[in-house]
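1. Okay, sequence plus prediction incoming.
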Amino acid sequence: MRYYFINQEMKEFSLDVEFHQNKTMEFKYEGKKTTLFLKSVAGKNYFSFDGIGWKKLAALGVNEVLVSHSEMYKVYRGFKPSGLNKGAAGALVTQMPGKVVKLMKKEGDTVTKGETVLILEAMKMENEIKAGADGIIKAINVKEGQALDSGFLMVEIEE
Amino acid sequence: MKGKRVLIINRGEIAIRVAKALNELGLVSVGVWTDNETEPPHLEYCQEWVHLVGNNNKETYLNIPKIMDLIEKYKIDGVHPGYGFLSENREFSEALAKKGITFIGPNPTAVYKMGAKDISKQVAKEAGVPVVPGSTGEVDTIEEAIKIGNEIGFPVLLKAVAGGGGKGMRPCMNEEDVKNNFAAVQREALSGFGYAGLLVEKYILNPHHIEVQILADKKGNVYHVFERECSVQRRHQKIIEEAPSPFIGTDEVLRNSICEAAVKCARAVNYDSAGTVEFIMGEDKKFYFLEMNTRIQVEHPITEEITGVDLVANMIKSAFGEPLDFKSQDDIKILGHAIELRICAEDPISMLPAPGKIVGFETTFPQGIRFDHCIYPKFTITPDFDPMIGKLIAKGFNREVALRKVRNAAEGLIIDGIKTNIALHKVILNEENFIKGNYSTNYIGTIKPQEKVAVKEDIKAFMLKVAAIELNQMGGQV
């Protein structure tokens, strides 16, 4: 089975895995092989890279996102989706769910890189959403007070 | 008191903590669930479950008329507000008093006097406790804020009268900053606390945030339960707290004087519950009254750990007019040291909230760990609530032992599927200034431990994710 990992910048890599009956997983990454040992003890799952030292395997979900420190990867099992295109610097996309508090600009306004375009409230904090490029605001797809999911294209700036 | 029905009008870990105390004291714990959180884990500890209809906090946890209706419908005798939401709302405690419902918190007058920061400063001043220079009342305009700034000297802090927990406050270095931030702080105040009034005060450089726990009964007995150091903060919000304060250290004269000052403030308002008097301490060890939080605080467990005093249970006993678990100030002693890490659903580097769904949760802790939390696999953290999802508390014979234990505990806490600040905590716990106890509230801003959080993940993390997905395909067990 091949797994694909694709991050927000559309950087991607793949990992091949094969499960064996002796409770090991054989990974192939950049031509290098790695064996992962798995074991269930008292209802919990453990992993080991050498068969001697064991640690708890926490995740059991089918969550298709891998979150680690500052990076976030979408995980695809067996296939790579088509139609993923790179977001431009002028496209302001929500990084987390939130609510639009105030629009500072309107369509047709000229903005410079770093200028605040709107204020987004997330988890009771006000966040200034700034223009990623110099240009003219082509479209504002949100209204004040609107609740947004993560990944929503709020504003498009024409460079 | 036994058999009284108490409504917990809160959620998350504090609702669990309160329910535990109610159950132990023989009261009936009544918990609520809302339409935007239909399966809150605190219900596990509540004997009765009530539907608080609504999709956002304004409709639910902040809606006084709706809560009063529930109280009548379910024949509630008392209410515990937890922290945040209506915990320091005078209207709410007065509405309850009018109906003869016990508010598990201080009397409405104390809430009023200490809840409004402009009045509380006056109270402290009159009680002989030094205060930070600033505006004597609410500041309505940018011009007025700038005028006060020029009088007391910049930098100044703009803060919400009704605020708390670091929300609704911003430092301003000059007139320009005041102009840029005034409206935003007003909006945060209005949306977070339902009141837009602002104060201006002097911003002390390299300060320590040290607070004293107060516990008082209805008979006029006011005790202190020693201090907590809460100087590791980001955006004026605490992330690590410890007790006792390493900055006060072995200076028992200073410890006694700050604790006595707190008792004076509490006595001045006839305080009759658990509460916290917050001070700001400069590098010269001079301290000023900041505010009094008339509620149980997030970081109360470290005080419980070093003194053995159950603050939540005693707060409930006090509200129902019962005697406290101890008889005199001398019964309360510090034994050992405790450190608390606030576990938040946030990016460990930018420290911004990062909601999402938890897919895995495991703990492997050393002896002496307490973990107050509301985490479970499949728990979805939404932007509706505070990103704090747990508190990891270690108690040790001394600071060095507590540090050793909390470091090991952080290694053994695995939360998968969301970003958390555990990686940041691990850096801080191994950082030389923190280890020595040399830190002020500027710690995060100047030492920048967040920059030492490893950005790149080992390929092994990806292999484990694959193993988890494959295992799930096979039914969860090898």
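-> Okay, I see it. Residues are numbered from 1 along each chain as shown, chains lettered A, B, ... in the order given.

2. Double-check that residue B:213 belongs to a strand.
-> Yes: looking at residue B:213 with DSSP: H, G, I helix; E, B strand; the rest coil, it is inside a strand.

3. and it, what are its bridge partners?
-> On the basis of DSSP bridges, residue B:213 is bridged to residue B:276.

4. show me what contacts the closest residue to residue B:1 other than its chain neighbours?
-> Sequence neighbours aside, residue B:320 is the residue nearest to residue B:1 in space, at 4.2 Å (criterion: CB to CB, 6 or more residues apart in numbering or on different chains). C-beta here means a position set from N, CA and C on the backbone, and glycine is covered the same way. Residue B:320 makes contact with B:1, B:4, B:78, B:102, according to CB atoms under 8 Å, 6 or more residues apart in numbering or on different chains.

5. mind giving me a markdown table with those and columns for secondary structure and neighbour count?
-> As requested, the contacts of residue B:320 are arranged in a markdown table below (DSSP: H, G, I helix; E, B strand; the rest coil; neighbours: other CB atoms under 10 Å in any protein chain shown):
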| residue | secondary structure | neighbour count |
| --- | --- | --- |
| B:1 | coil | 16 |
| B:4 | coil | 17 |
| B:78 | strand | 23 |
| B:102 | strand | 19 |
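
6. ok, now how distant is residue B:356 from residue B:381?
-> For residue B:356, the distance to residue B:381 equals 6 Å [CB to CB, to the nearest Å].

7. Can you pull the poorly scored residue ranges out of chain A?
-> Low-confidence segments of chain A, defined by pLDDT under 70, span residues A:61-64, A:68-70, A:81-89, A:123-124, A:151.

8. try 50 this time
-> The model of chain A has pLDDT under 50 over residues A:83-87.

9. Can you name the helix or strand that residue A:95 falls in?
-> Element membership for residue A:95 (DSSP states H and E) is empty, with no helix or strand holding it.

10. Now for the nearest residue to it once chain neighbours are set aside: which residues touch it?
-> Of all residues not flanking residue A:95 in the chain, residue A:150 sits nearest, at 6.7 Å (CB to CB, 6+ apart). When contacts are counted by CB under 8 Å, 6+ apart, residue A:150 touches A:94, A:95, A:96, A:97, B:355.

11. And for the second one, the neighbour number?
-> What that stands for is residue A:95. For residue A:95, the neighbour count with other CB atoms under 10 Å in any protein chain shown is 19.

12. same question, residue A:78
-> Residue A:78 has 8 neighbours, counted by other CB under 10 Å.

13. Next: residue B:346.
-> Residue B:346, neighbours per other CB under 10 Å, totals 27.

14. tell me the phi and psi of the residue nearest to residue B:1?
-> Note on residue B:320: backbone dihedrals following degrees, to the nearest 10 are phi -90, psi 10.

15. cool, the one 5 residues further on as well?
-> Recorded main-chain torsions at residue B:325 are phi -70, psi -10, according to degrees, to the nearest 10.

16. who's in contact with it?
-> Residues near residue B:325 by CB under 8 Å, 6+ apart: B:309, B:310, B:313, B:314, B:317.

17. quick one: the second one and residue B:304 touch, right?
-> Yes: Residue B:310 is within contact range of residue B:304, at 6.1 Å (criterion: CB atoms under 8 Å).

18. The two: which has the busier surroundings?
-> When residue B:310 and residue B:304 are compared on other CB under 10 Å, the one with more neighbours turns out to be residue B:304, at 22 against 18.

19. Next up, the contacts around the more buried one.
-> B:310, B:311.

20. pLDDT added to the contacts of residue B:320, as JSON lines?
-> Below are those laid out as JSON lines (pLDDT from 0 to 100):
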{"residue": "B:1", "pLDDT": "91"}
{"residue": "B:4", "pLDDT": "97"}
{"residue": "B:78", "pLDDT": "98"}
{"residue": "B:102", "pLDDT": "98"}
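
21. Quickly list what's touching both of residue B:356 and residue B:381.
-> Any residue near both residue B:356 and residue B:381 by CB under 8 Å, 6+ apart counts here, and that gives B:345, B:418.

22. re earlier: how much space between the residue nearest to residue B:1 and residue B:106?
-> Residue B:320 sits 14 Å away from residue B:106 when distances are taken as CB to CB.

23. likewise residue B:152?
-> Per CB to CB, residue B:152 is found 30 Å from residue B:106.

24. With neighbour numbers in mind, choose between those two.
-> Set residue B:152 next to residue B:106 and count neighbours by other CB under 10 Å: residue B:106 wins out with 30 against 15.

25. Please name the residues that touch the closest residue to that one other than its chain neighbours.
-> Take residue B:106 and drop its neighbours on the chain: the residue closest to it by CB to CB, 6+ apart is residue B:273, 4.2 Å away. By CB under 8 Å, 6+ apart, the residues touching residue B:273 are B:104, B:105, B:106, B:110, B:215, B:216, B:294, B:315, B:318, B:319.

26. quick one: which of the residues you listed is nearest residue B:56?
-> Distance to residue B:56, by CB to CB, is smallest for residue B:105 among the contacts of residue B:273, at 23.9 Å.

27. wait, isn't the closest one in contact with residue B:96?
-> No: the pair residue B:105 / residue B:96 is not scored as a contact, 9.5 Å apart, by CB under 8 Å.

28. Of these two, which one has the most company?
-> Taking neighbours as other CB under 10 Å, residue B:105 and residue B:96 compare with residue B:105 leading, 29 against 24.

29. And that one, what's its pLDDT?
-> As predicted, residue B:105 sits at a pLDDT of 96.

30. That one and residue B:319, how far apart?
-> Residue B:105 sits 7 Å away from residue B:319, going by CB to CB.

31. Then residue B:453?
-> Taking CB to CB, one finds residue B:453 at 43 Å from residue B:319.

32. And for residue B:31?
-> For residue B:31, the distance to residue B:319 - CB to CB - is 18 Å.

33. and if you look at residue A:25?
-> 56 Å.

34. Looking at these two, which is more packed in?
-> residue B:319 (25 against 22).

35. How much space separates that one from chain A?
-> As for residue B:319, its distance to chain A is 28 Å (criterion: CB to the nearest CB, to the nearest Å).

36. Surely that residue is in contact with residue B:101?
-> No: under the criterion of CB under 8 Å, residue B:319 is not in contact with residue B:101, lying 10.6 Å apart.

37. centroid residue for the chain?
-> No chain was given, so I picked chain A. By CA atoms, centre = their mean, chain A has its centre lying nearest to residue A:72, at 3.8 Å.

38. ah, I was thinking of chain B
-> Nearest to the geometric centre of chain B sits residue B:298, at 3.0 Å (CA atoms, centre = their mean).

39. If I follow the layout properly, that residue ends up in contact with residue B:388?
-> Yes: using CB under 8 Å, residue B:298 makes contact with residue B:388 at a distance of 7.1 Å.

40. Overlap in contacts, the two.
-> Taking CB under 8 Å, 6+ apart as the contact rule, residue B:298 and residue B:388 both touch residue B:342.

41. If you drop the residues flanking it in sequence, what lies closest to residue 155?
-> Picked chain A for this. Nearest non-adjacent residue to residue A:155, counting by CB to CB, 6+ apart: residue A:92, 4.2 Å away.

42. wait, I meant chain B there
-> residue B:203 (4.0 Å).

43. Of all the residues in the stretch 201-350 of chain B, which one is nearest chain A?
-> residue B:349 (4.9 Å; CB to the nearest CB).

44. was I right about residue B:99 contacting residue B:68?
-> Yes: counting by CB under 8 Å, residue B:99 sits close enough to residue B:68 to count as a contact (7.1 Å).

45. Between these two, which has more neighbouring residues?
-> Neighbour count, other CB under 10 Å: between residue B:99 and residue B:68, residue B:68 has more, with 18 against 11.

46. you'd agree that one is in a helix?
-> Yes: under three-state DSSP, residue B:68 sits within a helix.
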